[in-house]
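Visitor: give me a 3D structure for the following:
(one chain, ligands or ions: 1)
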Amino acid sequence: MAVAQNIRCSHCGAPVEFKPGELIATCKYCGFTTVIETGAPFNFEHSLLLNKFDQNQADTLIRDWMRSGFMKPGDLAKKSKILEKNLVYLPFWVVSVEAKTTYKGVFERITPPIVKDGKIEKEYNWLVLAREAAGFPAREYDVPLEGKIPFDFRKIEGFAKVLNSEITRDEALFFAKQQIEALHRFLLKQEVDKIVEVYTDINVKQAVYLHAPVWFVKYKYKGQAYQLILDGAAGMAIKGDIPSSKF
Ligand SMILES: [Zn+2]
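Guide: This next block holds a predicted model:
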């Protein structure tokens with residue numbers, strides 16, 4: 001844990017703690033958020049999703065997940081041992097945008113081919129993970145945004161870990177735009193076979209910095225370790241390794 005020489009929380013005066021690579025840090029004493037590079041207060045919206053499960057309820061969620069679905073071994077819930085269970089508040093940027101792609105292309109699936117033009121217009125709350133968290137599937141995480149409240153460190157459990165952002169707001173906007181453009185290009189392939197012209201205009205309405213509760217679980221079944229990731233706000237499995245039921 002590094003402590004920036006000259007950075008103190010401008011709200012409570014405590015030294016701002018952060019790890020190498022982190023660019024935005026939240027004070028663990030008062031919940032105030034600081035931009036590390038400048039030492040200035042973070043002026044944009046900072047939100048929090050609440051975790052709804054205590055340690056015991058998380059165990060129930062894990063066992064329920066193990067019992068559900070026909071792909072899993074029948075004795076998975078009974079024979080598994082939970083090795084680790086960590087509640088982590090992961091940092092995200094939620095970028096609200098209106099995206100409009102205008103295109104011109106050739107539709108070659110009919111004879112003779114025709115020139116087509118058109119528009120793809122969509123609105124997104126695009127999620128950008130603010131960490132290099134290995135193995136977290138941000139695209140598969142349907143973040144339950146309805147429940148978000150202003151960030152409040154008093155609502156964070158003492159045993160939980162809060163991770164800081166490793167990317168700036170501008171970088172998050174850049175990644176969101178890049179990913180949306182790529183998605184629209186993918187969608188275009190259903191409309192035309194050859195793209196002649198394409199232009200995507202992205203209007204950013206808002207970018208919210210958000211901490212969301214995620215349970216990282218490690219369990220052991222028949223001598224092997226597996227991982228399960230649960231959404232602490234909605235109780236859903238985000239990703240889970242399932243042992244092969246062949247054994
Ligand atoms: Zn503080």
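
Visitor: let's verify the residue lying farthest from the centre of the chain: helix, strand, or coil?
Guide: Most distant from the centre of the chain: residue 112, at 45.2 Å, with distances by C-alpha atoms, centre = their mean. On the three-state scheme (DSSP: H, G, I helix; E, B strand; the rest coil), residue 112 is labelled coil.

Visitor: show me what contacts residue 237?
Guide: 65, 228, 229, 230, 231 (C-beta atoms under 8 Å, 6 or more residues apart in numbering). Any C-beta I mention is one placed from the backbone N, CA and C, and that applies to glycine too.

Visitor: before we move on, what about residue 47?
Guide: Residues near residue 47 by C-beta under 8 Å, 6+ apart: 94, 148, 149, 150, 151, 208, 209, 210, 211.

Visitor: who wins for most neighbours among those residues?
Guide: Of all the contacts of residue 47, the highest neighbour tally under other C-beta atoms under 10 Å goes to residue 211, namely 26 neighbours.

Visitor: how much space separates that one from residue 204?
Guide: Distance of residue 211 to residue 204, computed by C-beta to C-beta, to the nearest Å: 21 Å.

Visitor: what about the helices in this protein?
Guide: 55-67, 76-79, 169-188 (DSSP state H).

Visitor: run through the neighbouring helices and strands of the last one.
Guide: When contacts are defined as 3 or more C-beta pairs under 8 Å, 6 or more residues apart in numbering; DSSP states H and E, helix 169-188 sits against strand 81-107, strand 114-129, strand 194-221.

Visitor: tell me the buried residues in that helix?
Guide: Residues of helix 169-188 classed as buried: 169, 172, 173, 175, 176, 177, 179, 180, 181, 183, 184, 188 (neighbour count, 16 or more other C-beta atoms under 10 Å).

Visitor: now those residues in CSV, with distance to residue 80?
Guide: Shown next, in CSV, are the buried residues of helix 169-188 (distance: C-beta to C-beta, whole Å):
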residue, distance to residue 80
169, 41
172, 37
173, 42
175, 36
176, 38
177, 42
179, 36
180, 39
181, 42
183, 37
184, 42
188, 45
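
Visitor: what subset of the residues you listed is also close to the ion?
Guide: Counting by C-beta under 5 Å from the ion, nothing from these sits close to the ion.

Visitor: which of those residues sits closest to the ion?
Guide: Taking C-beta to the ion as the measure, the ion lies nearest residue 169 of those, at 20.4 Å.

Visitor: pLDDT weak spots in the chain?
Guide: Along the chain, the parts satisfying pLDDT under 70 run over 1-6, 133-135, 246-247.

Visitor: residues from it in reach of the ion?
Guide: Counting by C-beta under 5 Å from the ion, the chain sits next to the ion at 9, 11, 12, 14, 27, 29, 30, 32.

Visitor: can you tell me which of these are buried?
Guide: Buried among the residues of the chain next to the ion by 16+ other C-beta under 10 Å: 9, 27, 32.

Visitor: from those, which is closest to residue 89?
Guide: residue 27 (14.1 Å; C-beta to C-beta).
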